[in-house]
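Asker: sequence first, then the predicted structure, then my questions.
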Protein chains: 4
Amino acid sequence: MSDIRVLTGPEVAAHASRESCWIIVHGKVYDVTDFLDEHPGGSKIILKYAGKDATEAYEPIHPPDAITTNLPPEKHLGTIDASTIAKVVKEVTEDEKRRLVLMDARPPLDNILNMHDFETVAKTVLPDKAWAYYSSGSDDEITLRENRSAYQRVWFRPRILRDVSSVDWSTTILGQKSTLPVYISATALGKLGHPEGELCLTRAAAEHGVIQMIATLASCSFDEIVDAATPEQPLFLQLYVNRDREITRKYVQHAEARGVKALFITVDAPQLGRREKDMRMKFVDDGAGAEVQKGQDVKKDQGVARAISSFIDPSLSWKDIPWFQSITKMPIILKGIATAEDAVLAYEAGVQGIVLSNHGGRQLDTARSGLEILVEVIAALKARGYYPSPRFEIFVDGGVRRASDVLKALALGATAVGVGRPFLYAFCAYGQEGVEKAIQIFRDEFEMNMRLLGARTINELVPEMVDASTLTAHNVLVPSDNLFNATYQPLALAKFKESKL
Amino acid sequence: MSDIRVLTGPEVAAHASRESCWIIVHGKVYDVTDFLDEHPGGSKIILKYAGKDATEAYEPIHPPDAITTNLPPEKHLGTIDASTIAKVVKEVTEDEKRRLVLMDARPPLDNILNMHDFETVAKTVLPDKAWAYYSSGSDDEITLRENRSAYQRVWFRPRILRDVSSVDWSTTILGQKSTLPVYISATALGKLGHPEGELCLTRAAAEHGVIQMIATLASCSFDEIVDAATPEQPLFLQLYVNRDREITRKYVQHAEARGVKALFITVDAPQLGRREKDMRMKFVDDGAGAEVQKGQDVKKDQGVARAISSFIDPSLSWKDIPWFQSITKMPIILKGIATAEDAVLAYEAGVQGIVLSNHGGRQLDTARSGLEILVEVIAALKARGYYPSPRFEIFVDGGVRRASDVLKALALGATAVGVGRPFLYAFCAYGQEGVEKAIQIFRDEFEMNMRLLGARTINELVPEMVDASTLTAHNVLVPSDNLFNATYQPLALAKFKESKL
Amino acid sequence: MSDIRVLTGPEVAAHASRESCWIIVHGKVYDVTDFLDEHPGGSKIILKYAGKDATEAYEPIHPPDAITTNLPPEKHLGTIDASTIAKVVKEVTEDEKRRLVLMDARPPLDNILNMHDFETVAKTVLPDKAWAYYSSGSDDEITLRENRSAYQRVWFRPRILRDVSSVDWSTTILGQKSTLPVYISATALGKLGHPEGELCLTRAAAEHGVIQMIATLASCSFDEIVDAATPEQPLFLQLYVNRDREITRKYVQHAEARGVKALFITVDAPQLGRREKDMRMKFVDDGAGAEVQKGQDVKKDQGVARAISSFIDPSLSWKDIPWFQSITKMPIILKGIATAEDAVLAYEAGVQGIVLSNHGGRQLDTARSGLEILVEVIAALKARGYYPSPRFEIFVDGGVRRASDVLKALALGATAVGVGRPFLYAFCAYGQEGVEKAIQIFRDEFEMNMRLLGARTINELVPEMVDASTLTAHNVLVPSDNLFNATYQPLALAKFKESKL
Amino acid sequence: MSDIRVLTGPEVAAHASRESCWIIVHGKVYDVTDFLDEHPGGSKIILKYAGKDATEAYEPIHPPDAITTNLPPEKHLGTIDASTIAKVVKEVTEDEKRRLVLMDARPPLDNILNMHDFETVAKTVLPDKAWAYYSSGSDDEITLRENRSAYQRVWFRPRILRDVSSVDWSTTILGQKSTLPVYISATALGKLGHPEGELCLTRAAAEHGVIQMIATLASCSFDEIVDAATPEQPLFLQLYVNRDREITRKYVQHAEARGVKALFITVDAPQLGRREKDMRMKFVDDGAGAEVQKGQDVKKDQGVARAISSFIDPSLSWKDIPWFQSITKMPIILKGIATAEDAVLAYEAGVQGIVLSNHGGRQLDTARSGLEILVEVIAALKARGYYPSPRFEIFVDGGVRRASDVLKALALGATAVGVGRPFLYAFCAYGQEGVEKAIQIFRDEFEMNMRLLGARTINELVPEMVDASTLTAHNVLVPSDNLFNATYQPLALAKFKESKL
């Protein structure tokens, strides 16, 4: 609109205070003085870069358009004359050097046999803060782990002597074709783990006919992701509802306009959980903030999770559902249902589906796993004649690591299953190729397990194929008799003779 | 009353035998010859200081007025001329030096995220004897640990899409306002862990609107504690009933006169438990005795717990309740109810409440947790139309470490929950500031968890919000097949290539 | 038929390409050019030996007649003039040297007290690839281990004061006498573990009156095994059904002609499981293939298990059963039934028995154990009047390590129990003598346990002798409270004084 | 009777073969040639000492009169002239030296707080063979450990506000007064662990008014033990029934004549169990044999347990009961009942009691614990009106380590409880004084626990005081998800700053 002004380093450096605070991002200069108190990550982290180039700190945790979108045009001051900024000799920390050596030593992708392999590679090669943010759960992380162990409480009852020469595990999710009964669930801040962030997911999903759910808190901007998709590639959108509903309305309608196929409204996060692993990292010291949205100030020392979430509206309630139905024609799915009671309410509110979820164990600790909730939800909906229904789909997420897990959920009544962290770790470890390998592993496992289960199609997965009778048992052991155990001498195996080894 | 006589070191030193035993405490000289056999901690420890200054040994485990209160005036011989006592060059033990270094190295209070952090700091910085006394439970400490694990057997059923912009976890306990549905439960001998002892609790409680229950066996005297409280600060009193009821009557009526709001009579300690950790410390060798009350002689080698408890009356029975009701107008609460049967008897005896408790796992081992008892008590009281009742409140204590634990107990029917050791460890580790931090953590957790649970007030915590169906299962595993386990080779994850690290 | 041509090393070496590929096996020269794409182990491994002597690689994983049977006579080019082949100086690897030292250091056979001892010796002395192939299960190997732990969920109710001077644990299996209520179940590729392979089993079985089930994928050829048996020794045959039914027909009828007493058709392996231990070994790189049968090409990197199984027909279904009944008069047993529903179908299909099995935990992970299935199968058959029946026998396999395990299965209704890996490990560790020792240990255990159980014969093993009420519980623990556990200090035992030791 | 012949070393040394075998024991010379094949410990061990002094090997595992009783008088050749035997310079092994140092370093008896302490001391100071024999159980020792863990599945429901000033835990067992509701159960071969063997028990029992059950296989002879008792001290006798009933008749009638008060017939040992710890010790190599009774030859390599038991009659049955009733007027108790069915048969056979037991986990592995059996037995007897009964008492043994265990068994209906190993370990570690300390610990625990339980006498122990609802659950966990567990990173506690420590 206006002529683009060119500024010099010293000019910018003169504005390095709370009273007048300029920063450089991606070669442009911005006056963020008035924005300091609105920054979801707090003002402290911006002030650290006052008068300086903040690009490197900004990059991994903001979509590129975050600053331009959130700052009024008059605060866009101009471009920087690169030659006028003192070169910062970036020192590579010992930790970072160590990390780079480990990246080189990663197992070849061929050696990756399962989702756990991706996670263990990611755990090793990720910066500590990224690992803490991704892997952490709330409080004692009991729910986080329960999500996995719930699957071990459901056992198969496989049928034999069915002609399983060909088996087909493709399905339709909210009207969209999917080669897997699995969708890529939303996870935040992908650039913490890989420079291309969520685009790794988008491109792999296109390649393999899998559906990606875009996260509100993705590091890549919504439009970047949609631009990276192929024209026919179906995408879903996960939504954190903003305190300012106008922002939410625009966001949703923009998504619909760009062809998104379904809207997953997160309903289990009126406030983000206390994730102690993340808090111990003091991530907030360095600031954090994803797609910047107006919100309240944030307490210190609460980790990246809570820092980035201050805009989320805790007043969201059932009364808001008709409004959502009025602003979009996309199917609406409530993500984070945890009881049969709320599943019934959701059905009666006329939404198109629900995700039984505890937010990957990141919200209320000792909340039950999606799989356990599924059994009670299906029973309650059936009892009211609401299930099965052509207009209502039921999803489950959390803890899935094997195709066999998915088959258990489907046998118990789920339409499809969301998988988040495994795909996240796959691209953190190996980029897009990692995600493709993860999909391939699922495919191999689906083929094998459906054959061994005697189910040729998704429709043949019936409740009788699983024994879920122990699923609801929350077993804890009587504390051990340590004195007895310390005294008891375990049996030994036969001993080899001494040898020269 | 009389002129105060001034005595010299040599004069005192002349009385250093069982036949004539003088000691110096806080600059005063006392003739304790006749008291030797009445000392709850045994005579041996006093004789160790016969003719000498006993202040340092006396200080941490007696309230300051213990000796003046228990010794008749004629045994108060006078003051000591400090210049006449040989200076004892106090040698600091290696252990003590180590402890002081560790005190300096404590994590900054900002890094404390939960109650376990306080405990782990306390465990490290406390003298071994204090840790043994505080942390020990009876026999195999199974109940001590079960108190914690019972909470893991109750799982949440959180409700979503309720407007939780504001949540309120304050409540009223026995008619007193409390900012938390938690009170500070009585724990003994606070000066073993911190020079200011229980006053740390009193001051922090005042600051944050929390109610403290004063322990009969506190290191600080009852009056010291009440004096430290603000005028409007509500206090409760925990009572061990003395064999000499007159002592008890005076004690109770004095408390009522000083404004104490409720009387918690301990009913689960006719004799204190065998706490082996404590016994192994041979604490009794060095003597011990809290607020000194007349009692029987004590066996050696039984640890501090049993040494200090000889005055407790094992004959206390239901027949005594009317007497208590006759001597005080304070609400009477029976602390240590463990069955539905006794809860019914308590209600019918007309007391104002009960604490479902096993005394922090310090009494009868393999007694059940308060949380487990709660379910059976509520059912029994409901069946008789005794619950809910405006004149009868139900408390639970033992094993609470998270606000989520409290919410579980409240959902199942408790009025409030007692928390003892976590606050004790908080002040052992960081003094009053530690207790305040502990309260703050609870507050943060209550806010988050009530939002995530969909409960805006304490009243909205209903039984349907928890699944307690496995609570009564006392699971123990079949002993392991050690030979099979020793032979089985666990699966391995993908291996990194060799690298220069 | 034709004159036998004698070829020289250089002549053979000239055919070392995909276009013309000759190899030497056991002194004979074969043209395998047209066979390359049909080789179940893939063409790559053959090409590695193109123009060379492949005997050493061929030997352990093919029966001697595999190549002659599968290659048309015109491809049998002649014999090799041994003097014309360059001697390959075989280098013994460090691993192999280590293994040989360990073989020498094996515990004397007298020290072997139980089946676990055999396994631990085998684990130590076997080449890594053999151990990986034998010991691996599918996915997380949960079912593999569950097979063992199911037995720990069944407890004895022994009867006393019965005259047990003599006890008899012999029985009849499908009309054949057996000195044990146990048969040797089929396991594949025995020569990976011992140069004499499955013949060790055959000879020991003859010696002790035990019945061996010959595996389709045995390293020794079917005829070698039958030839090694005594005339009156009963043998069973395990069958993988080939995509080419004509091959299967010939195989079955040949077996019947040679006196095999029963046909066990494997019905739980339309595709072999993903066994990650095996896959990590990349066995396929070196090629693999048991009794060579025509099939499809095999994916790389899938381990020996999947490499050798490409010929197996995934279309096998209930419709094929009459055909089997038409081609043989041997009793037909379906091996791999996993539900009551399929047990009923099997009975109604007129077969003579079923094996309740999950294929040693090598197929569908988290499928239930045979023992657990047994209880539901017996109940379903009884409810329909199908059990007990003189024409239908029920077997169980998987996880058996003790005679007491067998007695539990028999008490619950099994006719006999299949034992695979323990006998396999016995001969890997000690050859035929090991198998004999294993049988002897079972015998000792049967004698003792039947006496202690108060059962004098197999018939006296009744359901009331066991308590199987917890058998169907698939218990998983609530994830542990790690912070509490890290803080808790376990009780210690009395300490010894310092001594000079 | 005849003149006592004096023999010389060389004379004896001339008879050092199977054809003529003389040995010296306690200064006497015996011709054991004809006895070689009858020796329960096998002939090999005797032949090792042929022509030599066997006293040292004989001593710990035979009662002193074993040889004189079992050998006809004409084989008693005379006394040895000590001066004529070459002094054997006994070399003290390194193991033995180590053991002696450890004996000196034992914790002072004052430091022993519980039964586990005795066991851990015994484990350290006992010769390996003795520890293996005493501590071992059969097969996988699952029942051995289950005996302990069963008690952790029963939880207390303590009653409060009962006047427990005085509590009384004395009782009457089979008409005999006992200061504890506990009797000392029979354990074999006490001299392996202490030179005075079972006399330690007898003397301590006398001192404290506790009843000892004398073992058939005691190292001290029956008469030695009775001689060591005070005149009024009640003793019970445990009986292994001999294949030669005449021996048994004499033994029982002799016991009755000497005043034994009850006869406990072992009914769960028609053959002794395979105890692998014991077998690995190859004890039999050195020979073994308790009170020598005629029997069959014994297989090698079966450990001391089976070596000493060959005389036991496996034909013992219900038909023999009337015969026992005809030969003695002592109350007859069947030791080793394991089901309700056999408890009913026992009652109907007119015996005076039963011991619910699995022989300390030494016989049938995965047999249930006595405590678990108790619940089903009481229910079955009640249903038939057989319980309670003045003429029938029910005992339980196995796994008791705490007075609280005993109280659980009594609350569930047992008359008293047998305690074996703890007393055995007590005297192995500290002789008679150890046993007295063990009794004292029980006394302290009974006092405390009865008070805390609200039971003033044994009669007040009622079923409502315990919750045994999980007692019959034989829980085994689903095998662990090792890959997930290896990947999960547990939460950490707050970290201390680096310090100089």
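Answerer: Sure, I can see it.

Asker: wait, A:Ile312 sits on A:Val241?
Answerer: Yes. Using Cβ atoms under 8 Å, A:Ile312 makes contact with A:Val241 at a distance of 6.9 Å. Heads up, the C-betas are built off the backbone N, CA and C, glycines and all.

Asker: state the distance from the nearest residue to A:Asn482 once chain neighbours are set aside to C:Thr230.
Answerer: With sequence-adjacent residues excluded and distances taken as Cβ to Cβ, 6 or more residues apart in numbering or on different chains, A:Asn482 is closest to C:Pro490, at 4.4 Å. Distance, C:Pro490 to C:Thr230, by Cβ to Cβ, to the nearest Å: 59 Å.

Asker: ok, the two, which is more surrounded?
Answerer: Using other Cβ atoms under 10 Å in any protein chain shown as the criterion, C:Pro490 and C:Thr230 rank with C:Pro490 on top: 15 against 10.

Asker: can you give me the pLDDT of the more buried one?
Answerer: On the pLDDT scale, C:Pro490 is placed at 91.

Asker: wait, it sits on A:Asn485?
Answerer: No. With contact defined as Cβ under 8 Å, C:Pro490 does not count as touching A:Asn485 (9.1 Å).

Asker: need the nearest residue in space to A:Asp444, chain neighbours excluded.
Answerer: In this structure, A:Asp444 finds its nearest non-sequential neighbour in C:Arg274, 6.8 Å apart by Cβ to Cβ, 6+ apart.

Asker: now for chain A, the helix or strand with the poorest mean pLDDT.
Answerer: Of all the helices and strands that make up chain A, helix A:303-307 has the lowest average by mean pLDDT, DSSP states H and E, namely a mean of 54.

Asker: which SSE is immediately downstream of that helix?
Answerer: Toward the C-terminal end, the helix or strand that comes next after helix A:303-307 (DSSP states H and E) is helix A:321-327.

Asker: who's in contact with that next one?
Answerer: Residues outside helix A:321-327 that contact it (Cβ atoms under 8 Å, 6 or more residues apart in numbering or on different chains) are A:245, A:249, A:252-253, A:263, A:265, A:332, A:349-351, B:161.

Asker: now, which of these lie within strands?
Answerer: Members of the contacts of helix A:321-327 lying in strands (criterion: DSSP state E): A:263, A:265, A:332.

Asker: pLDDT score for the last one?
Answerer: This means A:Ile332. For A:Ile332, the pLDDT comes out at 98.

Asker: quick check: bridge partners of it?
Answerer: A:Leu263 (DSSP bridges).

Asker: who touches it in this structure?
Answerer: For A:Ile332, the contact set (Cβ under 8 Å, 6+ apart) comprises A:262-263, A:265, A:321, A:324-325, A:351-353.

Asker: farthest pair in these?
Answerer: Across the contacts of A:Ile332, the longest distance by Cβ to Cβ is 15.2 Å; it joins A:Ala262 and A:Ile321.

Asker: ok, the two, which is more surrounded?
Answerer: Higher neighbour count among A:Ala262 and A:Ile321: A:Ala262, with 25 against 20, using other Cβ under 10 Å.

Asker: what's downstream of the stretch of helix or strand A:Gly434 belongs to, the next helix or strand?
Answerer: For A:Gly434, the host element (DSSP H and E) is helix A:421-453. Toward the C-terminus, helix A:421-453 is succeeded by strand A:466-467 as the next helix or strand (DSSP H and E).

Asker: and that next one, what's its mean pLDDT?
Answerer: 98.

Asker: quick one: is that strand near chain D?
Answerer: No. For strand A:466-467, no contact with chain D is found by Cβ under 8 Å from any Cβ of the partner chain; the gap never falls below 12.0 Å.

Asker: and that strand, what does it pack onto?
Answerer: strand A:155-156 (3 or more Cβ pairs under 8 Å, 6 or more residues apart in numbering or on different chains; DSSP states H and E).

Asker: and the strand it packs on, what does it pack onto?
Answerer: By 3+ Cβ pairs under 8 Å, 6+ apart, strand A:155-156 packs against strand A:466-467.

Asker: give the partner strands of the strand it packs on in its sheet and their orientations.
Answerer: Under the criterion DSSP bridges, strand A:466-467 sits next to strand A:155-156 (antiparallel) in its sheet.

Asker: list the buried ones in the helix or strand following the strand it pairs with?
Answerer: Once the chain leaves strand A:155-156, the next helix or strand it forms, by DSSP H and E, is strand A:171-173. Judged by neighbour count using 16 or more other Cβ atoms under 10 Å in any protein chain shown, the buried positions of strand A:171-173 are A:171, A:173.

Asker: buried sites along the helix or strand following strand A:171-173?
Answerer: Reading on from strand A:171-173 to the C-terminus, the next helix or strand found by DSSP H and E is strand A:176-178. The neighbour-count check on strand A:176-178 (16+ other Cβ under 10 Å) flags A:176, A:178 as buried.

Asker: list of residues touching strand A:176-178?
Answerer: Contacts to strand A:176-178, defined as Cβ under 8 Å, 6+ apart, come from residues A:170-172, A:209-211, A:234, A:261-262, A:416.

Asker: chain center to it, what's the gap?
Answerer: Relative to its chain's centre, strand A:176-178 lies at 21 Å (Cα atoms, centre = their mean, to the nearest Å).

Asker: and what of stretch A:394-404?
Answerer: Distance of stretch A:394-404 from the chain centroid (Cα atoms, centre = their mean) equals 14 Å.

Asker: repeat for stretch A:64-72
Answerer: The answer for stretch A:64-72 is 23 Å, by Cα atoms, centre = their mean.

Asker: what is the rounded mean pLDDT of it?
Answerer: Mean predicted lDDT for stretch A:64-72 stands at 77.

Asker: do the same with stretch A:144-151
Answerer: Here stretch A:144-151 scores 97 as its mean pLDDT.

Asker: isn't A:Ile337 right up against A:Ile354?
Answerer: Yes. Counting by Cβ under 8 Å, A:Ile337 touches A:Ile354, with 4.4 Å between them.

Asker: need the overlap of contacts for the two.
Answerer: Common contacts of A:Ile337 and A:Ile354, defined by Cβ under 8 Å, 6+ apart, comprise A:343, A:346, A:377.

Asker: which residues does A:Ala409 contact?
Answerer: Neighbouring residues of A:Ala409 by Cβ under 8 Å, 6+ apart: A:370-371, A:374, A:396, A:400, A:417.

Asker: list the buried residues for stretch A:200-220?
Answerer: Judged by neighbour count (16+ other Cβ under 10 Å), stretch A:200-220 contains these buried residues: A:200-206, A:208-220.

Asker: filter those down to the ones in strands?
Answerer: Within those, residues falling in strands by DSSP E are A:212-214.

Asker: turn those into a markdown table, including pLDDT and distance to chain B.
Answerer: Formatted as a markdown table, those follow (pLDDT from 0 to 100; distance: Cβ to the nearest Cβ, whole Å):
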| residue | pLDDT | distance to chain B |
| --- | --- | --- |
| A:Gln212 | 98 | 24 |
| A:Met213 | 98 | 18 |
| A:Ile214 | 97 | 22 |
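
Asker: and what about the residue nearest to A:Asp444, helix, strand or coil?
Answerer: What DSSP: H, G, I helix; E, B strand; the rest coil gives for C:Arg274 is coil.

Asker: just give the number of residues close to it.
Answerer: 28.
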